[in-house]
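# I would like the atomic coordinates for the input below:
(chains A and B)
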Amino acid sequence: DAGVTQSPTHLIKTRGQQVTLRCSPKSGHDTVSWYQQALGQGPQFIFQYYEEEERQRGNFPDRFSGHQFPNYSSELNVNALLLGDSALYLCASSGGTDTQYFGPGTRLTVL
Amino acid sequence: KQEVTQIPAALSVPEGENLVLNCSFTDSAIYNLQWFRQDPGKGLTSLLLIQSSQREQTSGRLNASLDKSSGRSTLYIAASQPGDSATYLCAVQLPSGTYKYIFGTGTRLKVLA
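Residues are numbered from 1 along each chain as shown, chains lettered A, B, ... in the order given. Modelled structure (predicted):
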């Protein structure tokens, strides 16, 4: 079992650009949650996807959007990047109400 | 609204010491509590998971306790080593809805050789 995987590992973008991050859940898991961890802070919940729909969103602007595919993998898209979007983005998967398992994260740097 | 606090924010100890990291949460209704380790610039490594019905979990030199009624958890590290230097994050999982995690801001631990 490969566990939760994320790609890419690192990413550098400039202000105003758009970025797409990808997540493959742990085998057997159908729910994907995304978190943002700014430097020196704990991770913050962005949103969760289940059955290809956004189930709940945290306090993040509409520039943050996502998608879940039929195979349960997920993408996080961020438009009009700001310097403040620089962070570690974590994906977590679960089997509905089970414990969430976290991936290694994608480090996004916005210049 | 669930909030998680970790004290102290930073800790520096000599090698070999036993130490305790503290985590408190405001709402006792949780699904589980998890302790993570995070090395600089890296992702999260799960250390111990305590279900809401459990009181403690142990793994090697690590022991985590949970007291839901008082909204507290402690992570005990025995015989600390320089390799234990990292940030330790505590997170509680909500018991319903998205079952999302609420994280503390972590304790930065440095173990001196």
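
# Can you name the residues in contact with the helix-or-strand element of chain B with minimal mean pLDDT?
None of the helices or strands of chain B scores lower by mean pLDDT, DSSP states H and E than strand B:44-51, at a mean of 92. Contact with strand B:44-51 is made by A:43, A:90, A:99, A:101-102, A:105, B:31-39, B:56-59, B:62, B:64-66, B:73, B:75, B:88-89, as judged by Cβ atoms under 8 Å, 6 or more residues apart in numbering or on different chains. Bear in mind the C-beta positions are built from the backbone N, C-alpha and C, glycine included.

# Just the buried ones among those, please.
Buried by 16 or more other Cβ atoms under 10 Å in any protein chain shown: A:43, A:90, A:99, A:101-102, A:105, B:31-38, B:57, B:62, B:64-66, B:73, B:75, B:88-89, out of those.

# So which residue is dead centre in chain A?
residue A:34 (3.6 Å; Cα atoms, centre = their mean).

# Which residues are in contact with that residue?
Shown in contact with residue A:34 (Cβ under 8 Å, 6+ apart): A:23, A:45-48, A:66, A:74, A:76, A:89-92.

# Give me the subset of these that also touch chain B.
A:45, A:48, A:90, A:92 (Cβ under 8 Å from any Cβ of the partner chain).

# May I see these organised as JSON lines, with pLDDT and secondary structure added?
JSON lines is the format used below for the ones next to chain B among the contacts of residue A:34 (pLDDT from 0 to 100; DSSP: H, G, I helix; E, B strand; the rest coil):
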{"residue": "A:45", "pLDDT": "95", "secondary structure": "strand"}
{"residue": "A:48", "pLDDT": "92", "secondary structure": "strand"}
{"residue": "A:90", "pLDDT": "96", "secondary structure": "strand"}
{"residue": "A:92", "pLDDT": "93", "secondary structure": "strand"}
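
# okay if I get those as JSON lines plus distance to residue B:2?
Shown next, in JSON lines, are those (distance: Cβ to Cβ, whole Å):
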{"residue": "A:45", "distance to residue B:2": "11"}
{"residue": "A:48", "distance to residue B:2": "16"}
{"residue": "A:90", "distance to residue B:2": "19"}
{"residue": "A:92", "distance to residue B:2": "17"}
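
# does stretch A:101-111 come close to chain B?
Yes - contact between stretch A:101-111 and chain B, assessed by Cβ under 8 Å from any Cβ, occurs at A:101-105, A:107.

# Of those, which belong to helices?
Members of the residues of stretch A:101-111 next to chain B lying in helices (criterion: DSSP state H): none.

# Same list (the residues you listed) but as CSV, adding pLDDT.
Formatted as CSV, these follow (pLDDT from 0 to 100):
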residue, pLDDT
A:101, 88
A:102, 90
A:103, 93
A:104, 92
A:105, 95
A:107, 96
